[in-house]
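> Predicted model and sequence follow; I will ask about them next.
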Amino acid sequence: MKLKIALQKSGKLAEGSTALLRKCGIGFSNGLGKLRTEAADFPLEIFFLRDDDIPNYVADGVADVGIVGENVIAEDPKPVETIDRLGFGHCRLSIAVPKGIEYNGISDLRGKRIATSYPKILAEFFTSRSITADIHMISGSVEIAPSIGLADAVCDLVSSGSTLFSNGLREVETVMNSEAVLIARTGLNSELSETLNRLLFRIRSVNAASQNKYILLNAPVEKVNEISAILPGMKSPTVVPLAENGWVSVHSVISQHDFWNVVDNLKRAGAEGILVLSIDQMIR
Ligand code: PRT
Ligand code: ZN
């Protein structure tokens with residue numbers, strides 16, 4: 001029995017979703033216009049759908065799992081379980097006002113007309129801040145609403161900010177941060193749960209790898225303790241003697257996040273010939 005996964009057919013999450021499966025070693029063909037395909041080397045059947053339909057298909061059991069933006073689930077909750085964040089499709093739902101307008105804080109939005117495709121999330125945000133505003137639901141091209149006199153402000157998804165900028169809008173409040181998540185229906189049988197766990201294990205290994213780097217460096221033996229203290233690693237670093245007497249090579253794994261600080265500290269502690277490599281998979 002194959003696990004059925006629903007991915008966005010085209011749009012902001014389409015490429016990230018298929019790339020993630022491929023990094024998990026799951027091969028498939030998704031020729032133009034294809035709605036359904038099967039993986040060659042993993043018990044997975046893949047559906048390509050509109051992102052808005054994915055939570056429904058998963059809730060109804062047409063698909064077992066799916067990849068959607070957290071924002072979609074928050075706006076229109078369905079009886080599905082969010083299994084994990086996937087580390088791509090990052091964006092934020094933000095309120096923006098016309099550039100020339102003075103803005104001193106959220107209370108400036110009281111009584112204003114705000115256009116959005118996310119009326120529920122926005123209403124909850126305003127309630128939590130004790131603001132009453134006039135929310136106008138628009139299903140697309142929200143960013144043009146102020147220029148055509150339809151609204152005083154907008155609440156829309158933003159990633160680089162260039163869409164807001166080119167429409168003369170300025171981001172003033174972040175309502176929600178979002179990224180792609182894996183959702184699943186409830187009541188998977190044991191065979192499908194097992195396949196889902198195998199898939200999750202691979203996804204987590206791929207994502208852990210992308211958040212870490214493999215580092216190799218040379219150091220004089222007497223500096224090893226100081227250098228080891230700088231390297232957190234998975235366990236303690238590997239220390240291998242070099243052909244040249246009194247020198248060792250130190251290997252470890254460091255987080256992508258504070259990578260440059262660690263490198264600075266290592267240089268200061270006497271490390272030389274530092275090499276930093278990407279990791280394909282990290283099995284914990
Ligand atoms: O056709 P289908 O219904 O499947 O797609 P869609 O057009 O409804 O969705 P799509 O592809 O726009 O977005 C799918 C999901 O991607 C969203 O639900 C988010 O979780 C995520 N995501 C990430 C984004 C963005 N980044 C994003 N930048 N969704 C939309 N945008 C849009 C935004 O609405 C605005 O129009 O991109 C524009 C802003 O981008 P910047 O880079 O100019 O700020
Ligand atoms: Zn959509």
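That came in fine, so what should we check first? Numbering: from 1, shown residues only. Ligands and ions are numbered 1, 2, ... in the order given.
> Next up, identify which helix or strand Val239 is on.
Using DSSP states H and E, Val239 sits within strand 238-241.
> State the number of residues packed around the closest residue to ligand 1 within the stretch 51-200 of the chain.
Closest approach between the stretch 51-200 of the chain and ligand 1, counting by C-beta to the nearest ligand atom: Gly69, at 1.9 Å. In this view, the C-beta of every residue, glycine as well, is placed from N, C-alpha and C. Other residues near Gly69 come to 24 when the count uses other C-beta atoms under 10 Å.
> which one is it nearest to, not counting chain neighbours?
Ser178 (5.2 Å; C-beta to C-beta, 6 or more residues apart in numbering).
> Which strand residues bridge the one you found?
Note on Ser178: beta-bridge partners by DSSP bridges are Cys91.
> what residues are up against it?
Gly69, Glu70, Asn71, Ala74, Gly89, His90, Cys91, Arg92, Leu93, Leu157 (C-beta atoms under 8 Å, 6 or more residues apart in numbering).
> Looking at those, which is nearest Lys223?
Checking these against Lys223 by C-beta to C-beta gives His90 as the nearest, at 38.8 Å.
> Go ahead and confirm that closest one touches Ser160.
No: judged on C-beta atoms under 8 Å, His90 makes no contact with Ser160 at a distance of 10.8 Å.
> between those two, what contacts are shared?
By C-beta under 8 Å, 6+ apart, no residue touches both His90 and Ser160.
> Compare these two (neighbour count), which wins?
His90 (14 against 8).
> still on that earlier bit, wait, which of the contacts of Ser178 is closest to ligand 2?
Nearest to ligand 2 among those is Gly69, at 9.2 Å by C-beta to the ion.
> Which residues are in contact with that closest one?
Here Gly69 is in contact with Lys12, Leu13, Asp51, Gly89, Cys91, Ser178, Glu179, Ala180, Val181 (C-beta under 8 Å, 6+ apart).
> For the nearest residue to the first one once chain neighbours are set aside, grab phi and psi.
Nearest-residue entry for Lys12: Gly89, 6.3 Å, with adjacent residues in sequence omitted and distances by C-beta to C-beta, 6+ apart. Geometry field for Gly89 lists phi and psi as phi 70, psi 30, criterion degrees, to the nearest 10.
> and Val263, what element?
Here Val263 is assigned to helix 259-268, by DSSP H and E.
> continuing past that helix, what's the next helix or strand?
By DSSP H and E, the next helix or strand past helix 259-268 is strand 272-278.
> Could you tell me which residues of this structure lie near ligand 1?
8, 11-13, 50-52, 69, 71-72, 89, 91, 156-163, 178 (C-beta under 6 Å from any ligand atom).
> Specify the residue ranges that define each domain of the protein.
Domain segmentation of the chain under automatic domain parsing yields 3-87+179-209, 91-178, 212-278.
> Which among these is found nearest to Arg284?
Short answer: domain 3-87+179-209, nearest of those by C-beta to C-beta, at 6.7 Å.
> Ala209 versus Asp134, what's the distance?
Distance of Asp134 to Ala209, computed by C-beta to C-beta, to the nearest Å: 47 Å.
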